[in-house]
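Undergrad: Would you be able to build a 3D model of this:
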Amino acid sequence: MSDHGPAKGFGRWLFTTNHKDIGTMYLWFSFAMFLLGGVFALVIRSELFQPGLQLVEPEFFNQMTTMHGLVMVFGAVMPGFVGLANWLVPMMIGAPDMALPRMNNWSFWILPFAFTMLASTLLMDGGAPNFGWTFYAPLSTTYAPPSVTYFIFAVHIMGASSIMGSINIIATILNLRAPGMTMMKMPLFVWTWLITAYLLIAVMPILAGVVTMMLMDIHFGTSFFNAAGGGDPVLFQHVFWFFGHPEVYIMILPAFGVISAIIPTFARKPLFGYASMVYATSSIAFLSFIVWAHHMFTVGMPLAGELFFMYATMLIAVPTGVKVFNWVTTMFRGSMTFETPMLFAIAFVILFTIGGFSGLMLAIAPADFQYHDTYFVVAHFHYVLVPGSIFSLFAAVYYWLPKWCGNMYDERLGKAHFWLSFVGLNLTFFPMHFVGLAGMPRRIPDYALQFADFNQISSIGAFLFGFSQVFFLYIIIKTIRGGEKATDQVWDNPEGLEWTLPSPAPYHTFTTPPAIK
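TA: Below is the predicted model:
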C-alpha cells in the first residue's frame, strides 16, 4: 500500500504485506519449483530406464541428482508449507495479519533470486553442483566446479528467508491470538508450525556455518575439511547432519498439522488425543537433534556412538506411533466420507507409516552397513517425503482451495489426480526397496542387468506421477477461474465445528473471528 492508494498490477504483488497474497505467492513459487525439480527427476529416471548410458553423461547425471534434491527440499516442500502457514495461521488464531508483514514480504521475494541463481549454475562453465544434495566435503570443496560459490550464496539466501519466516510465525502465534484462544485450543496445524519455526531458527544457522566453512576452504586457504591441512572430512558430515536431520522433520511436522485438520473433518469426529499430539510433536522435535549420526554409521564411529544413535533413532518411532494411532483412532467408527483431501490424508497415513518402518530398519546400525548408499535408502526417504510432505500439500490445497478462491474444485478430477498420483508414486518408489536390498548403489547412472526390470517399472511410475502433476495444475487453474461456488461451510461437519470461532473446542481446523469476517 503506497501513499497514493493501493498498488496495481505487478506492484500489488511486489509490495504486498497481506498474509494471503504472500501465502499465495509462496504456494505458486513452491509449485513452480516442484515442477522444475520433477523435470530433473525425470532426467534421472529416463537415464535409468535401461542399463547402459543412454541420454546424459555421468557428470550431468550427478548434477541432476544434486539439483533435484536441492530444489525439492528447499524450493518445493519448505516454501509450500510456509505458504500454508501464511494463509492459515493468522485466520486460525484470529489474528488480523502476520506480526511482521514487511519482513514477510521480504522473506518471500528473496527466494526467486536464490533459486534463479541456483538454477543458473546449469549454464555455467564446469556445470552445476555435482556432489549430491548433501554436498559432502571434500567432493564439494576440493573437487567442486566453480559454480559451487553461487550454490553457497543461494543456500545463504534460502536460510535467511527461512529464519525470517520463522521469526514471523513465532511472533504471530505468541502475540496475536484472539481473546480466549489459549495455546491448548490452537488448531494442531498452528502447533506444528510453532514447533517447526523453532526448529528452523535452531538449525538454519548451522547450515549457514557449514557452507561458510566450505567457502573458506575453497577460496581462503583454510582446512576445515581438508585432511592434508589438518582438517577432517567427517567433521563436515557431523555439522551437515546436525542441520540435516532436524531439517527432515521441518519438512514433515507441518504435514502432521494438515492431516490433523483433515481427518477429523471427514471422519466427523473431534481429533482423538489432542494434548498427546502436541506433546508427541514436541518430543519428535527434541529427539530430532540427538539422532544425526544415524546417517553416518559407516564412517567408523566408536561402538558406543553407534549404539547411542541407534537407540535414540528407534525412540523417535514412539511419538510418531502415537500420532499414527491418534489419526487411526479418530477415523475409527467415524462417519467417514472420501472426498479428495481425505483420500490424500489416508494415503499419507498408510504410506508414511511404510516409510517409517523402512526407517526403523535403517536405524539398526549393523543392518545399515548393508543398506547404506543403496536404493533402499532412496526408497525410504521418498516414502516419507512424497506421501508425507507432498501428499499433505496436495490434501491442503484441495481442502482449503474453496475457501481461498470461493470456487469448488471438480471432485471427479480431484479423485482422478489422487489415483494417478497414488499409483505413480508406488510404482516409482516401491521397486527401489527391492533393487536396494539386492545391492544397487544410489547416484550411479548405470547398473547391472539384474536390476533392469525394477528400474523400468520405477521409470514408468515416475513419468506417470510427474505428468499427473500437470493435470493437478489444470485442476487448480480451472477451479480458480470458475466452477461451482463454495458455500460458507465447505465441508459438511457436525455442530459447525469447522469454520466458526465461538465453540471453545481445541479441534478447530479453521477459524475466522467475527470482527474480521
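Undergrad: Tell me the buried residues in the host helix or strand of Ala41?
TA: In this assignment (DSSP states H and E), Ala41 forms part of helix 19-47. Within helix 19-47, the residues that qualify as buried are 19, 21-27, 29-34, 36-38, 40-47, counting by 16 or more other CB atoms under 10 Å. C-betas here are computed from N, CA, C, even on glycine.
Undergrad: Relative to the whole chain's centre, how far out is it?
TA: Relative to the centre of its chain, helix 19-47 is centred 12 Å away, using CA atoms, centre = their mean, to the nearest Å.
Undergrad: With stretch 400-417 instead?
TA: Offset of stretch 400-417 from its chain centre (CA atoms, centre = their mean): 22 Å.
Undergrad: change the start of the numbering to 190 and stick with it
TA: In the new numbering, first residue 190, that becomes stretch 589-606.
Undergrad: Next, the distance between the ends of that stretch.
TA: 17 Å (CA to CA, to the nearest Å).
Undergrad: which residues are contacting it?
TA: 209, 213, 273, 276-277, 528-529, 532, 583, 587, 657, 660-661, 663-665, 667-669, 671-675, 679, 688, 699 (CB atoms under 8 Å, 6 or more residues apart in numbering).
Undergrad: Now it: average pLDDT?
TA: Stretch 589-606 shows a mean pLDDT of 96.
Undergrad: What are the buried residues along that stretch?
TA: Those would be 589-594, 596-599, 602-603, 606, for stretch 589-606 by 16+ other CB under 10 Å.
Undergrad: got it, and stretch 337-348?
TA: Quick answer for stretch 337-348 (16+ other CB under 10 Å): 337, 339-348.
Undergrad: how about stretch 325-340: buried residues?
TA: The neighbour-count check on stretch 325-340 (16+ other CB under 10 Å) flags 326-330, 333-334, 336-337, 339-340 as buried.
Undergrad: List the ones among those that fall in strands.
TA: Among the buried residues of stretch 325-340, no member is found in strands (DSSP state E).
Undergrad: Reformat these as a markdown table; add pLDDT and distance to Thr385.
TA: Below are those laid out as a markdown table (pLDDT from 0 to 100; distance: CB to CB, whole Å):
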| residue | pLDDT | distance to Thr385 |
| --- | --- | --- |
| Ala326 | 95 | 28 |
| Pro327 | 94 | 33 |
| Leu328 | 94 | 30 |
| Ser329 | 96 | 27 |
| Thr330 | 96 | 30 |
| Ala333 | 90 | 31 |
| Pro334 | 93 | 33 |
| Ser336 | 96 | 31 |
| Val337 | 97 | 29 |
| Tyr339 | 97 | 28 |
| Phe340 | 97 | 25 |
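Undergrad: Quick check: the two most widely separated of those residues?
TA: Maximum pairwise distance in the buried residues of stretch 325-340, criterion CB to CB, is 19.3 Å, between Pro327 and Tyr339.
Undergrad: Give the closest residue to Phe533 in space, chain neighbours not counted.
TA: Ala584 (3.6 Å; CB to CB, 6 or more residues apart in numbering).
Undergrad: How about Phe302?
TA: Leaving aside its sequence neighbours, Phe302 sits nearest to Ile346 (CB to CB, 6+ apart; 6.7 Å).
Undergrad: For the one you found, pull up the helix or strand it's in.
TA: For Ile346, the host element (DSSP H and E) is helix 337-364.
Undergrad: Then Gly544?
TA: helix 529-552.
Undergrad: I'd like to know which of the contacts of stretch 589-606 are part of helices.
TA: Counting by DSSP state H, the part of the contacts of stretch 589-606 found in helices is 209, 213, 273, 276-277, 529, 532, 583, 587, 657, 660-661, 663-665, 667-669.
Undergrad: Selecting buried members of the residues you listed in PyMOL, what would you type?
TA: In PyMOL, this line selects whichever of the ones in helices among the contacts of stretch 589-606 come out buried by 16+ other CB under 10 Å:
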select buried, resi 213+273+276+277+529+532+583+587+657+661+664+665+668
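Undergrad: And the helices in the stretch 340-489 of the chain?
TA: 377-408, 422-439, 442-456, 463-476 (DSSP state H, counting those that start in this stretch).
Undergrad: Would you reformat these as a markdown table and include distance to Thr487, mean neighbour count and mean pLDDT?
TA: Formatted as a markdown table, these follow (distance: least, CB to CB, whole Å; neighbours: other CB atoms under 10 Å; pLDDT from 0 to 100):
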| stretch | distance to Thr487 | mean neighbour count | mean pLDDT |
| --- | --- | --- | --- |
| helix 377-408 | 20 | 21 | 98 |
| helix 422-439 | 10 | 21 | 97 |
| helix 442-456 | 28 | 27 | 97 |
| helix 463-476 | 22 | 18 | 98 |
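Undergrad: And those: which comes nearest Tyr636?
TA: Nearest of the helices of the stretch 340-489 of the chain (CB to CB): helix 422-439, 25.8 Å.
Undergrad: how about low-confidence regions in the protein?
TA: By pLDDT under 70, the low-scoring segments of the chain are 190-195, 681-706.
Undergrad: ok, now with 80
TA: Along the chain, the parts satisfying pLDDT under 80 run over 190-196, 681-706.
Undergrad: one step back: list just the one of the helices of the stretch 340-489 of the chain that sits closest to Phe302.
TA: The nearest among the helices of the stretch 340-489 of the chain, by CB to CB, is helix 377-408 at 16.9 Å.
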